[in-house]
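S.K.: Build the 3D model from these lines:
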Amino acid sequence: MTDMLTDAATIRDLEWQRFHAMRDGDVSALDALFSESLFYMHSNASTDTKQSLLAKLASAELRCPDALHHPDEHVILNGDTAIATGRVTGTVYVNGNAIGLRNRALAVWSRHSGRWQLLAYQSTPIPAG
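M.R.: Reported below is the predicted structural model:
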């Protein structure tokens, strides 16, 4: 049980690291956090790979300085896979255009060679009402 508690705490910490790196545009930190197989689905259903997402952040095509991360407390663990959920609110900027966020998000982490990395991410708008 202690290992699961430790893994859950690690994933929560990695989620905060990922959020801060996205907010700050820290491509180097994200490069280390992202799996080479990353599949990233935005709330508008567009998708990115690790390389394309890092390129968008590096060029400032995508900026997230006003986004807020509201993680859920629980993390689902199944062997070397972890799922973290939460909410994302605030504003992101795509090609200088502001996009308001009020989303739920799902992050899938995978442990490979003893190291956790983000494997998949999906953000979905919360319906009004």
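S.K.: quick one: V108 from P71, how far?
M.R.: Counting by Cβ to Cβ, to the nearest Å, the separation of V108 from P71 is 14 Å. (Each C-beta comes from the backbone N, C-alpha and C, glycine too.)
S.K.: ugh, typo on my part, it should be Q122
M.R.: As judged by Cβ to Cβ, Q122 and P71 stand 15 Å apart.
S.K.: With A120 instead?
M.R.: With distances taken as Cβ to Cβ, A120 is found 16 Å from P71.
S.K.: Check T85 too.
M.R.: Per Cβ to Cβ, T85 is found 8 Å from P71.
S.K.: tell me what the longest helix seen in the chain is packed against?
M.R.: Longest helix in the chain by number of residues (criterion: DSSP state H): helix 2-24. Applying 3 or more Cβ pairs under 8 Å, 6 or more residues apart in numbering; DSSP states H and E, one finds that helix 2-24 contacts helix 27-33, strand 62-78, strand 81-94, strand 97-112, strand 115-125.
S.K.: next one: that helix to chain centre, how far?
M.R.: Distance of helix 2-24 from its chain centroid, counting by Cα atoms, centre = their mean, to the nearest Å, is 10 Å.
S.K.: cool, stretch 56-68 as well?
M.R.: Worked out by Cα atoms, centre = their mean, stretch 56-68 lies 13 Å from the chain centre.
S.K.: what do you get for stretch 97-111?
M.R.: A distance of 6 Å separates the centroid of the chain from that of stretch 97-111, by Cα atoms, centre = their mean.
S.K.: Flag every buried residue along it.
M.R.: L101, N103, R104, A105, A107, V108, W109, S110, R111 (16 or more other Cβ atoms under 10 Å).
S.K.: ditto for stretch 37-53
M.R.: The neighbour-count check on stretch 37-53 (16+ other Cβ under 10 Å) flags L38, F39, Y40, M41, H42, S43, D48, K50, L53 as buried.
S.K.: When T85 and P71 are compared, which one has more neighbours?
M.R.: P71 (18 against 15; other Cβ atoms under 10 Å).
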